[in-house]
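Trainee: could you look at this predicted model? Sequence included:
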Number of protein chains: 2
Amino acid sequence: LFSFSDRVRRTIREHELFSSRDRILIGISGGADSTALACVLADLALEGGPAIVGLAHLDHRLRPDAADDARFCSELARALGLPFDAEEADVRTDAQQSGASIEDAARRIRYRFLERIAERRQASRIAVGHTRDDQAETVLLRLLRGSSAAGLAGIYPRAGAVVRPLLDVTRADVEAYLRERGVAWREDPTNRDLTIPRNRIRHELLPYLIQHFGVGVPDVLARQAAIFRDDAELIEGLATELASGLVLQEGRGLAIDIARLADTPRAVARRIVLRALREVGKRFVGLAHVEAVLELARGGGLSQAIDLPGQRVERRGDRLVFTAVEPDPARQGRRRGRPVTQR
Amino acid sequence: LFSFSDRVRRTIREHELFSSRDRILIGISGGADSTALACVLADLALEGGPAIVGLAHLDHRLRPDAADDARFCSELARALGLPFDAEEADVRTDAQQSGASIEDAARRIRYRFLERIAERRQASRIAVGHTRDDQAETVLLRLLRGSSAAGLAGIYPRAGAVVRPLLDVTRADVEAYLRERGVAWREDPTNRDLTIPRNRIRHELLPYLIQHFGVGVPDVLARQAAIFRDDAELIEGLATELASGLVLQEGRGLAIDIARLADTPRAVARRIVLRALREVGKRFVGLAHVEAVLELARGGGLSQAIDLPGQRVERRGDRLVFTAVEPDPARQGRRRGRPVTQR
């Protein structure tokens, strides 16, 4: 009914991803998604859409044939008449040193690279190729790891300068579009490694859900992500508003007024505690950590203090006090191992 | 570490399910969950907990051996020294006539039966045997069908007079407890019918998730349900508060002020529209229906009106007007076919 580029245009309009005055850098891996993104945005540019300032490719050095991907992207840029930037990064070493997963390290390095190139090329937006399949996978991944509305909100159509014009089309749409245009793409064989949770979701769980619970499952998950985006915005906004009267600086840590926390709707109290934990501990904070602190605030347990990664939380009279704890020097190497929460 | 009955006691205390002055009716199917519930609550009663006024069993007449279940429950009641009430209901015929699924019809009839017996026996609470496994299954079922926070909140520990003391223990805990006490239970062979979505989740999807994403998955899902309960409470509360200034009676329907709806946080606007649609149309309303109305309010599409099940929604000047539409008499039989949303 609607062409691929019509649907991309609709996503751009609906989420106000950019205007015709923007200058766009496109992140490209050589896979079907980003290849289609480059083609469709290049078309829009010719029709008076925003200018494309170039394609940018990061070689993660994770596969022996990674150089072929870079060559493919370079040729695509030439075919589209666009500038091309490429860099190599040693993701594996970075992940080992930082204690992060390969996936998290790659994502962090990639976005930093894109931001650097965007600045150099004076781009106002960075377009990346996430599709609705990525969205459905992300929602399932977050659900299985445990997440609140902010996590189930999934991938945002726009986050800062980063925009995702393919977020309402599927991977199948992308491949059909490329085949129709006669454009080739590169397959990443590591996508087939099922020990990576996202790949297991992509190649096993989602196909199973589609087979037994309906072809509409990815759509349903993406629609829920949009609803959770709005819920998260509301609740996080209330948390920001209410935290100002509740949370006080206390030495090098923070203190929260227990009586006023108890008067706050629990959904908001949970976010206020989560933020305090993140600010003081500078580590990954899970839902169970937040619940433990809320339980301490209620005074339900016998304990007057709990030790959490990077910090200690104590009940002192009418206040909860969050104090950073110096990491054990022997474990210093793992200190940077907190997952990157960039979306 | 903690015994089964300690953990049940903790759930009762944490969610304030009942006090020692309450009088409890227990819904019993003869399955492991409700059998364990009867045993553990009978123990608590002996230790000064609330009085048990009896066991109540509804024979759904869905299986040839249903009478054996009733006999088992009757014997259990006698062994525990408790009064026993049983009734039969023709669930299949009711489902056919109402257009509801067997599962929905059975649930509706069962809770009505329990309320009736509770009144007769002067019970202040109705205890039912849902476990954390039921909770995890419910969260997945709602997610796959599409739901907002209110749906992902899953099964409530307490809803009106209905309380669920087993909501923090697993089905495996329940069976271990019964084996240890030497108490038998009845297996329901229809639980194995994988064409029923809940059974497919129970016997196929959840075991798969536990195998590949960790034994903690049911716990993670249950913990998220608790978070969504709080989120839903907050957002639904705001919707109630803000709706009073936004939604007006209009003939036999409702009208919503478009400008004021636009000024409402979208998370809240979505709930206000959902409630208006439910009130006027008296049918099942899905997330897609709500989005269509919000799109109409934004004036994004060309249309000035949309037809939804049981109603028409029109843009009239600065208002959205919701009007009930008489059902086509030829389809009258399906009119009662809206899913029951009782939890």
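Mentor: Nice, I can see it. Numbering: from 1, shown residues only, chains lettered A, B, ... in the order given.
Trainee: which residues of chain A fall in helices?
Mentor: A:4-14, A:32-46, A:66-80, A:91-98, A:102-120, A:132-145, A:149-152, A:171-181, A:197-200, A:206-213, A:217-246, A:258-262, A:266-281, A:287-298 (DSSP state H).
Trainee: just send those back as CSV, with mean pLDDT and mean neighbour count too.
Mentor: Using the backbone N, CA and C atoms, a C-beta is placed for each residue, glycine as well. Listed next are the helices of chain A as CSV, based on pLDDT from 0 to 100; neighbours: other Cβ atoms under 10 Å in any protein chain shown:
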stretch, mean pLDDT, mean neighbour count
helix A:4-14, 94, 17
helix A:32-46, 96, 22
helix A:66-80, 94, 17
helix A:91-98, 88, 16
helix A:102-120, 93, 18
helix A:132-145, 95, 23
helix A:149-152, 92, 23
helix A:171-181, 96, 16
helix A:197-200, 92, 17
helix A:206-213, 96, 16
helix A:217-246, 94, 20
helix A:258-262, 94, 16
helix A:266-281, 93, 22
helix A:287-298, 90, 18
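Trainee: could those helices go into TSV alongside distance to chain B?
Mentor: Output for the helices of chain A, formatted as TSV (distance: least, Cβ to the nearest Cβ, whole Å):
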stretch	distance to chain B
helix A:4-14	8
helix A:32-46	20
helix A:66-80	28
helix A:91-98	21
helix A:102-120	15
helix A:132-145	5
helix A:149-152	6
helix A:171-181	19
helix A:197-200	6
helix A:206-213	5
helix A:217-246	4
helix A:258-262	14
helix A:266-281	4
helix A:287-298	6
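Trainee: switch those helices over to a markdown table; also include distance to B:D94.
Mentor: Below are those laid out as a markdown table (distance: least, Cβ to Cβ, whole Å):
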| stretch | distance to B:D94 |
| --- | --- |
| helix A:4-14 | 44 |
| helix A:32-46 | 49 |
| helix A:66-80 | 61 |
| helix A:91-98 | 58 |
| helix A:102-120 | 51 |
| helix A:132-145 | 34 |
| helix A:149-152 | 36 |
| helix A:171-181 | 42 |
| helix A:197-200 | 42 |
| helix A:206-213 | 26 |
| helix A:217-246 | 29 |
| helix A:258-262 | 46 |
| helix A:266-281 | 38 |
| helix A:287-298 | 41 |
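Trainee: got the phi/psi numbers for A:T170?
Mentor: phi -100, psi 170 (degrees, to the nearest 10).
Trainee: show me what contacts the residue nearest to it when sequence neighbours are not counted?
Mentor: Spatial nearest neighbour of A:T170, excluding adjacent residues (Cβ to Cβ, 6 or more residues apart in numbering or on different chains): A:R132 at 5.2 Å. Counting by Cβ atoms under 8 Å, 6 or more residues apart in numbering or on different chains, A:R132 makes contact with A:L166, A:L167, A:D168, A:V169, A:T170, A:P218, A:D219, A:A222.
Trainee: rerun at 7 Å
Mentor: A:L167, A:D168, A:V169, A:T170, A:P218, A:A222 (Cβ atoms under 7 Å, 6 or more residues apart in numbering or on different chains).
Trainee: repeat for A:A118
Mentor: A:L25, A:I126, A:A161.
Trainee: swap in A:S148?
Mentor: Contacts of A:S148 (Cβ under 7 Å, 6+ apart): A:L287, B:I227.
Trainee: now it: phi and psi?
Mentor: phi -100, psi -170.
Trainee: and the residue in chain A sticking out farthest from the centre, its phi and psi?
Mentor: For chain A, the largest distance from the centre (Cα atoms, centre = their mean) belongs to A:G317, which lies 39.2 Å off. A:G317 adopts backbone torsions of phi 60, psi -120, taken as degrees, to the nearest 10.
Trainee: pLDDT value on it, please?
Mentor: In this prediction, A:G317 carries a pLDDT score of 88.
Trainee: now do the contacts for the residue in the stretch 51-200 of chain A positioned nearest to chain B.
Mentor: Going by Cβ to the nearest Cβ, chain B is nearest to A:G146 of the stretch 51-200 of chain A, at 4.1 Å. Each residue near A:G146 by Cβ under 7 Å, 6+ apart is listed here: A:G286, A:L287, B:V220, B:R223, B:Q224.
Trainee: now render the residues you listed as a markdown table, adding distance to A:F72.
Mentor: Shown next, in a markdown table, are the contacts of A:G146 (distance: Cβ to Cβ, whole Å):
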| residue | distance to A:F72 |
| --- | --- |
| A:G286 | 40 |
| A:L287 | 42 |
| B:V220 | 40 |
| B:R223 | 44 |
| B:Q224 | 41 |
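Trainee: tell me the one of those residues nearest B:L209?
Mentor: B:V220 (9.6 Å; Cβ to Cβ).
Trainee: need the nearest residue in space to that closest one, chain neighbours excluded.
Mentor: A:G146 (4.1 Å).
Trainee: give me phi/psi at the one you found?
Mentor: Per degrees, to the nearest 10, the backbone of A:G146 is at phi 100, psi 120.
Trainee: picking that back up, considering the contacts of A:A118, which possesses the most neighbours?
Mentor: A:L25 (28 neighbours; other Cβ atoms under 10 Å in any protein chain shown).
Trainee: next, work out how far apart that one and A:A136 are.
Mentor: The gap separating A:L25 from A:A136 is 26 Å, by Cβ to Cβ, to the nearest Å.
Trainee: ditto for A:R121
Mentor: Relative to A:A136, and taking Cβ to Cβ, A:R121 is found at 32 Å.
Trainee: surely A:L234 is in contact with B:A267?
Mentor: Yes. Between A:L234 and B:A267 there is a contact under Cβ atoms under 7 Å: 4.2 Å.
Trainee: quickly list what's touching both of those two.
Mentor: B:I235.
Trainee: show me the contacts for the closest residue to A:S303 other than its chain neighbours.
Mentor: Excluding the flanking residues, the one nearest A:S303 by Cβ to Cβ, 6+ apart is A:L296, at 6.8 Å. Shown in contact with A:L296 (Cβ under 7 Å, 6+ apart): A:S303, A:I306, A:V313, A:R315, A:L320.
Trainee: mind putting those residues in TSV, neighbour count and distance to A:R200 included?
Mentor: Converted to TSV, the contacts of A:L296 look like this (neighbours: other Cβ atoms under 10 Å in any protein chain shown; distance: Cβ to Cβ, whole Å):
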residue	neighbour count	distance to A:R200
A:S303	13	38
A:I306	16	34
A:V313	26	35
A:R315	18	42
A:L320	23	39
